[in-house]
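Novice: Structure for this input, please:
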Amino acid sequence: KVDSMARKQDSVFWAPIRPAPLEIEEIRGYVKADSIAIVEQKKEEGDSLKGSKSKGFQPWDILIGDRYKVGKTTDFEIHTPYGGFNTVEGFNLVYRMSLYRRWVKRDSLKPDARPRVTRLEITPVFRYSFERDKLVGFLRTDWRNANTRITLEGGRYVTQYNSQNPIHHFVNTVTTLYLGDNLMKIYERDFVDFSFRQRFNDRFTLYSNWTFSQRSGLFNNTNYTIFKGNKDSYTENRPVNNEALSTQFDLNQAFIGSLKLDMRPWVKYRMRNGYKQRVDGSSPFFSVEYKKGFKNIGGSDVDFDLLDVGIRYGVKMGIRRRLDANVHAGAFLNNRSLFFMDYRHFQGNRTPIITSDPDGSFRLLDYYSNSTSDKYVSAILHYHFRKLLLSRVPKLRMLGIQENIFGAVLTTPASGTYTEVGYSIDGILRIFRI
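Specialist: Sure, this is the predicted structure:
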């Protein structure tokens, strides 16, 4: 065990104690070890931001972003601006800033124990549409510690019909400008969102989300494309669905709440460096979620009840071989009044590049055609190989290439049964998958 004062004494204190002076290489080693110890201490205290390379604010930080130390436990960050293109907004620009504050509390009786860290993050987000000549945005406040997280958001913003954002803005920009395929469908909402997470232990976590919003439809405002021949390929800014005759909607209000319980009932632990750690994958992951739309509260126009249950589990089949399963089943117990964004959506994909979780999404499913306001069952199986075809080449395997075989099934009353089976490659440049 290392004395708590050991790292607080300088070289003058240790010089008369050592029987022989340190060699140059030993001095370099201790300097490196001290630097690593400082980094680890900052991580424990919740300081995960990289320090600024410049001293203070520079004019070009407005364009490229940077981080600034405001106080010992307070940081301010200008995020690097980004944007994209879609047929509703044309080109758009997203700009964010964040203020971080940490409170670190250490146990004086247990100096080696991990500190208790509480964090506060305040982030304003701005989004400008050049084609609409309109600025929208929202303010996000997030407070959390190891077991509790509370988030409050409010403002006006554009969002995809599927709140999980299945279409990445960069991918949509490429497919729209170069292929004439405007995949992303969006609408505008004025909203106040409140979310709460309580982690009771490693086995049980409770989530609660509440939102009041006014939703309005948006329409295409541009047919610009790199290749003029693609102009006629653009589709309207409304999804096509097998169940709904039309997904277009009038201005409406919605007050919606949900409760979700995540469970790992048979989780196992191991001891490492004196700390108890959870063994990932040692227990199946169960979830139960209930979501309700409340009619006539604050003028709310929605009235529905949705129950969803799921199980997710990964089984190691050998060295770097793994079988992952993700199954969900649910039903709308009441669907008297809801709009298309309230349907149960599924993670689809219509591009060669997959940006969503491969174990929780379909590879070829249309984004909205199978969405439902009725009952449904979905199952996704994913087998990761250590060596199959390309991964038998050692150099490719060392680059992180991993081959997979997957199968998926989705059943709804209106769309019937959708099935896909295929082969995929993960880890291309450590990032992409096809």
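Novice: what ranges do the strands span in the stretch 301-434 of the chain?
Specialist: Along the stretch 301-434 of the chain, the stretches classed as strands by DSSP state E, counting those that start in this stretch are 303-318, 321-337, 376-384, 402-412, 416-426.
Novice: so who does Tyr269 touch?
Specialist: Taking Cβ atoms under 8 Å, 6 or more residues apart in numbering as the criterion, Tyr269 is in contact with Asp202, Lys276, Gln277, Arg278, Val279. Every C-beta, even on glycine, is put in place using the N, C-alpha and C of the backbone.
Novice: what's the distance between it and Lys387?
Specialist: Separation of Tyr269 from Lys387 (Cβ to Cβ, to the nearest Å): 32 Å.
Novice: Kindly report the same for Phe406.
Specialist: Distance from Phe406 to Lys387, by Cβ to Cβ: 17 Å.
Novice: Which residue of the two possesses the greater neighbour count?
Specialist: Phe406 (20 against 15; other Cβ atoms under 10 Å).
Novice: Not counting its neighbours along the chain, what's nearest the more buried one?
Specialist: His382 (4.8 Å; Cβ to Cβ, 6 or more residues apart in numbering).
Novice: Keep only those of the contacts of Tyr269 that are in strands.
Specialist: Judged by DSSP state E, the subset of the contacts of Tyr269 located in strands is Lys276, Gln277, Arg278.
Novice: residue contacts, the second one?
Specialist: Taking Cβ under 8 Å, 6+ apart as the definition of contact, the neighbours of Gln277 are Tyr269, Arg270, Met271.
Novice: what number of residues lie near the nearest residue to Ser371 once chain neighbours are set aside?
Specialist: Of all residues not flanking Ser371 in the chain, Tyr343 sits nearest, at 4.3 Å (Cβ to Cβ, 6+ apart). Neighbour count for Tyr343, taken as other Cβ under 10 Å: 25.
Novice: Next up, the contacts around Tyr343.
Specialist: Tyr343 touches Asn241, Glu243, Ala244, Ser371, Thr372, Ser373, counting by Cβ under 8 Å, 6+ apart.
Novice: let's go with 10 Å and repeat that
Specialist: For Tyr343, the contact set (Cβ atoms under 10 Å, 6 or more residues apart in numbering) comprises 161-162, 239, 241, 243-244, 247, 304, 306, 332, 335, 368, 370-374.
Novice: what stretches of the stretch 301-434 of the chain score poorly on pLDDT?
Specialist: For the stretch 301-434 of the chain, the stretches flagged by pLDDT under 70 are 390-391, 395-400, 427-434.
Novice: ok, Gly137 - how many residues close by?
Specialist: Neighbour tally, Gly137, other Cβ under 10 Å: 15.
Novice: beta partners for it?
Specialist: Under DSSP bridges, the beta-bridge partners of Gly137 are Phe126, Arg156.
Novice: Next: Leu323.
Specialist: Taking DSSP bridges as the rule, Leu323 bridges to Val315, Tyr383.
Novice: just Arg149 next, same as before
Specialist: For Arg149, the beta-bridge partners are Arg144, Arg197 (DSSP bridges).
Novice: Can you read off the pLDDT for it?
Specialist: Listed pLDDT for Arg149 reads 96.
Novice: Isn't it up against Gln198?
Specialist: Yes - with contact defined as Cβ atoms under 10 Å, Arg149 counts as touching Gln198 (8.2 Å).
Novice: ok, the two, which is more surrounded?
Specialist: Taking other Cβ under 10 Å, Arg149 and Gln198 do not tie; Arg149 has more neighbours (16 against 13).
Novice: Just list the residues touching that one, thanks.
Specialist: Contacts of Arg149 by Cβ under 10 Å, 6+ apart are Arg119, Asp142, Trp143, Ser195, Phe196, Arg197, Gln198, Arg199, Tyr207.
Novice: before we move on, what about Ala329?
Specialist: Applying Cβ under 10 Å, 6+ apart, we find Ala329 in contact with Leu307, Asp308, Val309, Gly310, Ile311, Lys375, Tyr376, Val377, Ser378, Ala379, Thr411.
Novice: can you redo those residues as JSON lines with neighbour count?
Specialist: What follows is the contacts of Ala329, written out as JSON lines (neighbours: other Cβ atoms under 10 Å):
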{"residue": "Leu307", "neighbour count": "15"}
{"residue": "Asp308", "neighbour count": "18"}
{"residue": "Val309", "neighbour count": "14"}
{"residue": "Gly310", "neighbour count": "18"}
{"residue": "Ile311", "neighbour count": "15"}
{"residue": "Lys375", "neighbour count": "15"}
{"residue": "Tyr376", "neighbour count": "22"}
{"residue": "Val377", "neighbour count": "14"}
{"residue": "Ser378", "neighbour count": "23"}
{"residue": "Ala379", "neighbour count": "15"}
{"residue": "Thr411", "neighbour count": "17"}
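Novice: Export those residues as TSV, with columns for distance to Gly56.
Specialist: Shown next, in TSV, are the contacts of Ala329 (distance: Cβ to Cβ, whole Å):
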residue	distance to Gly56
Leu307	54
Asp308	50
Val309	53
Gly310	49
Ile311	52
Lys375	59
Tyr376	54
Val377	57
Ser378	52
Ala379	55
Thr411	59
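Novice: I'd say Arg119 and Trp103 touch.
Specialist: Yes - applying Cβ under 10 Å, one finds Arg119 in contact with Trp103, separated by 7.8 Å.
Novice: Which of those two has more residues huddled nearby?
Specialist: Arg119 (18 against 14).
Novice: three-state assignment of the more buried one?
Specialist: Of the three states, Arg119 takes strand under DSSP: H, G, I helix; E, B strand; the rest coil.
Novice: and it, what are its bridge partners?
Specialist: Here Arg119, judged by DSSP bridges, has bridge partners Arg102, Arg144.
Novice: From Thr151, how far out is it?
Specialist: Distance of Arg119 to Thr151, given as Cβ to Cβ: 12 Å.
Novice: measure the residue nearest to His168 when sequence neighbours are not counted to Pro166 for me?
Specialist: With Cβ to Cβ, 6+ apart as the criterion, His168 has its nearest non-adjacent residue at 4.4 Å, and that residue is Thr355. From Thr355 over to Pro166 the distance is 8 Å, taken as Cβ to Cβ.
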